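Student: Take this sequence and fold it.
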Amino acid sequence: CALPILSVLADAVAWLDNLGWSWIEQREQQLAAYLRGRLRDISGLTVLTPDAWELSSAITSFVIEGTDAAVLQKTLWNQQIITRLVRERNGIRIATPYFTSHDELDQLVDALRRIRA
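Tutor: Coordinates of the predicted model:
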């Protein structure tokens, strides 16, 4: 029966309403900016996503010169860092939803630094 599912969905939306949609957007914007800033410190890495929030989202795409993105994505996956492959750009994308922590983003950056080394 769909009724229990709808009830849970209504509770989830109410919970998000309580957080505040503007707070959620600000949090995602802040996390994306933090990640992009950290990524730009990695030699050979190019962030593809524009910084301007009006032109981007909580998803950041990047490429690393001389790196096969499919291999990189699998390497990160094996470290429990979930990313998506952007085949047409030989790149990687990662989402920064409101519940992401700075520590998780730092783990990604640290893993990329180790891979580049």
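
Student: just the strands in this protein please.
Tutor: 45-47, 59-64, 84-86, 91-95 (DSSP state E).

Student: roughly how far out does the third one sit from the chain middle?
Tutor: To tie it back to what came earlier, the one meant is strand 84-86. 11 Å (Cα atoms, centre = their mean, to the nearest Å).

Student: Find the centremost residue of the protein, please.
Tutor: The centre of the chain sits closest to Ala95, judged by Cα atoms, centre = their mean, with a distance of 2.4 Å.

Student: Run the chain-centre distance for stretch 17-37.
Tutor: The answer for stretch 17-37 is 12 Å, by Cα atoms, centre = their mean.

Student: for stretch 15-31, that is, sorry about that
Tutor: Relative to its chain's centre, stretch 15-31 lies at 16 Å (Cα atoms, centre = their mean).

Student: And the closest residue to Leu105 other than its chain neighbours, how close does it get to Leu108?
Tutor: What sits nearest to Leu105 in space, not counting adjacent residues and going by Cβ to Cβ, 6 or more residues apart in numbering, is Leu35, at 4.9 Å. C-beta here means a position set from N, CA and C on the backbone, and glycine is covered the same way. The gap separating Leu35 from Leu108 is 8 Å, by Cβ to Cβ, to the nearest Å.

Student: Those two: which has the busier surroundings?
Tutor: Taking other Cβ atoms under 10 Å, Leu35 and Leu108 do not tie; Leu35 has more neighbours (25 against 22).
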